[in-house]
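J.: take a look and give me a structure for this.
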Amino acid sequence: MLFSEIKLPETLDKLPESKCGFDSYGVLKARTESGCCCNEYDKVPDNKYGSNRYLGVFNIVSVTSLQRSSKNHYNPTSLLFFNFTLSLPLLISPHGLDSEFCLFLFFCSVMANVVEVKVGLHCDDCIKKILKAIKKIEDIETYNVDTAMNKVIVTGKVTTQQVIRVLQKIGKNAIAWEDVSLMTIVSQLMVRCLTPLGQSTLVSQMLGGLMFGPSVLGHKKILGQALFPVRGAVVLETISWFGVMFSYFLWSVKMDISTFFKTEKLAIALGSSVFVCTLVIPTGVAYLLAKHVEMKQSVATALPLIGLSQSFTVFVTIAILLSDLKVLNTDIGRITMGASVLTNMASFVVIIIMFIISQNVDGDMVKLVIVCLSIVSLVVVIVFMIRPMILWMVEHSGRGSLNEICVVHIFVFVLFTGFVSEVIGQHFAMGPIILGLCLPEGPPIGTSLMTKLETICMAFLNPIFLAVNGLQADISKIDFHSMWLICLVLIVAFFVKIGAVMLPGYYYNLPMKECCVIGLLLNGRGTCELVLYNLWLGSRQVTEREFSLLVVTIIVENIFSVPLIKFMYDPSKQYQTGRRCTIQHTRRDSELRVMVCIDSSENLPTILNLLEASCASRESMIEVTSLILIELQGRLRPVLVNNKSSDNIHPLSGNSIHIDNALRQYAEQNEGYVSIQSFTSISTFETMHDDVCRISLECGANILILPFHKRWEIDGTIGAEHKSIQNMNIRVLERAPCSVGILVDRGILNDSPSLLMARGMYYVVVFFIGGADDAETLAYGNRMARHECVYVTVVRFLLFGEENSKDRKRDSDLIDEYRYHNAGNRRFEILDEVVKDGIEMSTCVRRLVDYFDLVMVGREHPDSVMLRGHDKWSECHELGVIGDMLASPDFVTKASVLVIQQQRIRGRFIKSTVNVNAVPREREQLMHEVPIVETFPPSCTISVDKYDKM
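T.: Residues are numbered from 1 along each chain as shown. Modelled structure (predicted):
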């Protein structure tokens, strides 16, 4: 029997008040005492199953066994698991999950032979209406009305939904859904408004709840009851805690336990210093204040607890903050993540100890031993029973992703472990956290669960939890005396944490400014801290006064710290350099450093042809640094892997192995002239540009090759379009410390010769209009012309009537130098095309382009009549006007395109007429704002997380 009545205590008045400020069973209590509940609740829209999308079901359906706590009260948290097990399909079906999965859970929720419904029966008219309505239900066997227990029991081939629909028709309606909708809409609206002002999503969503709470609009009872009546508070709280449970599970799955034990020395030193200092000093200050300063007893009890909690730094909170700030892949982000790993481990142990102590206030050692043994038993069951079962199901579900049955079983295990945690006296999130940590991160489990859960948890349930906490906070209850005492402890902890970072930072020669930024990041507070504060409120360790103040301090701290971090730390500045890293300014006999970013093995043939065409020789060798781009899925921490050792590559990363082997084969065929360094970046595309710029800076690349975000099918149509790669390319163009090329690969459309196999000639055309980018493109084409199998044609477009302009003369000097130093090289040719406007130029481009395998063009050009009008139709601005035209689906060609941007220094292009690559003598140059250092760094090894694995 899935449904059974709730055994309410004899005296409802003795029930503990909930965090929302009303009786935990206020809905049932109100219905029982009023006797009649007709027309009490509004109807909600029907879902696709034909039944009302009720969530709480507290007022109609009662579900199973509530656990008694140590104070002989029933724990309302137990309602969370079973109510949402029944209502889960109704909750998730509109959010993109598979219909079969929703139907499975819905089928489980209605297969009950006995349906018990709790209603108010003190009114004789209600009893008559209910009996009359129930008699009309088909396939009913027996029915009974228990006026003493205020319930209706129905047996037969009926479902709960049928009974509910019948009761709703006579006025017994479910709890309204509009409270949740209003909260979600307001939270998203606040995010839209405050994000442009530099605020985090946490602040926006909590302010949304604070606005409707008793602090602002809810201060007026009439308005507060109209917006969020008492009947809807249970739904909001239940939904929010349900979201917390699954969010914790999802975050735990993304975490890699092995990183806890493989943190670098600097991060270990920072984490240890922060935890010890914030554990001792704020707690000591809190105890001294509680002992020597006169205050209320509730404040004296809460103050040491608040001081102790300041040592808690949760890894998940820091990861979310770093992700919001887009600094996950920076050096500071990696150090902060490593330090938070250590503090998170220590914090988790302290929280469990505190929770055990709070559950054993009477000092019974037997009970304490039982609690500890129950925790150990739960861990053993999860590790040695549930985990093997899940892994077995994953193994038999096929490679790549989980089937729906496996996902359903995992969800059931999450609910089960949460319920068992509650039964043994622990917080319900403990079981899902342990289960998540036991499951392997990444694909297939992590990615599949992220696909199923991330949207609904992060975009719907988690914002509701943040808003509910803002809704519960009542600023009017905060008194000045309590406020200054608690704020003093919090301020001391804030500065102690920053100072604790500076101590080991000074020893490791970490700049003080970066120490301050790391300290501000480690001071971050989020969802995990709010869960802890709710736990204290529920166990009466803090009152609503202290709870409200703690919630407000989280909001205030994030309001000021996030913009301060953005002001103090700009990741793009670490990639600025005063050294010229271009092909044009590279000496003819120096090593050419090329970095290629590869997101798919489909681009390999064109990339290998481009590298081979760059002409590695004894005179000028080539150092290739490859970065394989993999989107971060099912993981919480980004990874940068050095592929030098094959042991670092996980068997699942077959694509990476294939790419790495192809590059090494290219190096073997050019033995002695080509060196290879290979890396893999597993990160979100929002922050992957940091890895790209960081590696290109450390290896001293002259040019960085990026993939284009569109891919062509064999029939010439665009098959895939990745906007995230496009955004990454734009950010790299803005920050790159060297020249950048975006490769539009159309190799699949034609049978281009393989230069590695020496199967034929490779034809390259350079379109030259003028400007620094075209000068860089011309220098690259000049180098390609040294290869015996590469033909390079330079097409220079001249505007009719501008023979005497300064730019024309400057470009003519540059062209003449290349023509002079390639005299006798039949594989290098320069053509002049005189055009009157952009139409003639585009016509000429279309006429010439099909004769070549690769088209090279600069990204930006000086303002010219030839380009006017083309920019109005531009779709991909990162390619420039000509590059966008060549990459357009309307431009029918089989040639690949390389769009080049010359290195920028301090936001400007390097402007020079000198071709150092071709001409050994020096000429007059335009002055730069930054002094140029002509020394070139040797080949280097990139500093990566050596313990990270894919």
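J.: neighbours of the closest residue to Cys528 other than its chain neighbours, how many?
T.: Among residues not flanking Cys528 along the chain, Val314 sits closest, at 4.1 Å (Cβ to Cβ, 6 or more residues apart in numbering). Every residue, glycine included, has its C-beta placed from N, CA and C. When neighbours are counted by other Cβ atoms under 10 Å, Val314 registers 23.
J.: please apply the same query to Phe495.
T.: Residues lying near Phe495 (other Cβ under 10 Å) number 13.
J.: could you list the low-pLDDT ranges of the stretch 301-450 of the chain?
T.: 355, 358-364, 398-401 (pLDDT under 70).
J.: next up, the contacts around the residue nearest to Met512 when sequence neighbours are not counted.
T.: Spatial nearest neighbour of Met512, excluding adjacent residues (Cβ to Cβ, 6+ apart): Met502 at 6.5 Å. Neighbouring residues of Met502 by Cβ atoms under 8 Å, 6 or more residues apart in numbering: 512, 515-516, 519.
J.: for Phe852, same thing?
T.: Listed by Cβ under 8 Å, 6+ apart, the contact set of Phe852 reads 763-765, 793, 895.
J.: repeat that for 7 Å
T.: Listed by Cβ atoms under 7 Å, 6 or more residues apart in numbering, the contact partners of Phe852 are 763-765, 895.
J.: I figured Ser739 hits Ile705, correct?
T.: No. In this structure Ser739 lies outside contact range of Ile705 using Cβ atoms under 7 Å: 9.9 Å.
J.: and the two? Which one has more around it.
T.: With neighbours defined as other Cβ under 10 Å, Ser739 and Ile705 compare such that Ser739 has more, 30 against 24.
J.: so what does the more buried one have for phi and psi?
T.: Phi and psi for Ser739, reported as degrees, to the nearest 10, are phi -70, psi 150.
J.: okay, and the beta partners of it?
T.: For Ser739, the beta-bridge partners are Ile703 (DSSP bridges).
J.: residues in contact with Cys505?
T.: Cys isn't right for residue 505; it's Gly. Contacts of Gly505 by Cβ under 7 Å, 6+ apart are Cys515.
J.: check it and give its pLDDT.
T.: Looking at Gly505, its pLDDT is 87.
J.: which SSE is it in?
T.: Using DSSP states H and E, Gly505 maps to helix 480-507.
J.: please enumerate the helices of the stretch 451-600 of the chain.
T.: Along the stretch 451-600 of the chain, the stretches classed as helices by DSSP state H, counting those that start in this stretch are 462-472, 480-507, 512-522, 527-538, 544-568.
J.: swap in the stretch 751-900 of the chain?
T.: Under DSSP H, counting those that start in this stretch, the stretch 751-900 of the chain gives helices at 772-784, 806-821, 838-849, 880-887.
J.: least reliable of those by average pLDDT, please.
T.: Per-segment mean pLDDT for the helices of the stretch 751-900 of the chain reaches its minimum on helix 806-821, at a mean of 82.
J.: one step back: in TSV, list the contacts of Met502 along with distance to Asn344 and neighbour count.
T.: Shown next, in TSV, are those (distance: Cβ to Cβ, whole Å; neighbours: other Cβ atoms under 10 Å):
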residue	distance to Asn344	neighbour count
Met512	25	11
Cys515	20	23
Cys516	22	19
Gly519	17	23
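J.: quick check: domain ranges of this structure?
T.: The record assigns the chain these domain ranges, following automatic domain parsing: 12-176, 181-569, 592-909.
J.: what secondary structure does Ile630 sit in?
T.: Per DSSP: H, G, I helix; E, B strand; the rest coil, the secondary structure class of Ile630 is strand.
J.: any idea how far it is from Phe685?
T.: Per Cβ to Cβ, to the nearest Å, Ile630 is found 10 Å from Phe685.
J.: Pro889 too?
T.: Separation of Pro889 from Phe685 (Cβ to Cβ): 23 Å.
J.: can you pick out the residue with more neighbours from these two?
T.: Set Pro889 next to Phe685 and count neighbours by other Cβ under 10 Å: Phe685 wins out with 20 against 11.
J.: and the pLDDT for that one?
T.: Phe685 is given a pLDDT of 86.
J.: wait, doesn't it sit right on Met728?
T.: Yes. With contact defined as Cβ under 7 Å, Phe685 counts as touching Met728 (4.9 Å).
J.: so among the contacts of Phe852, where is pLDDT lowest?
T.: Within the set of the contacts of Phe852, pLDDT is lowest for Ala895 (86).
J.: how many residues are close by that residue?
T.: 23.
J.: tell me the contacts of it?
T.: With contact set as Cβ under 7 Å, 6+ apart, Ala895 has these partners: 746, 849-850, 852-855.
J.: Leu611 too?
T.: Counting by Cβ under 7 Å, 6+ apart, Leu611 touches 594, 624, 666.
J.: would you turn those residues into JSON lines with distance to Val492 and neighbour count?
T.: Compiled in JSON lines, these are given as follows (distance: Cβ to Cβ, whole Å; neighbours: other Cβ under 10 Å):
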{"residue": "Val594", "distance to Val492": "53", "neighbour count": "25"}
{"residue": "Val624", "distance to Val492": "53", "neighbour count": "25"}
{"residue": "Tyr666", "distance to Val492": "59", "neighbour count": "21"}
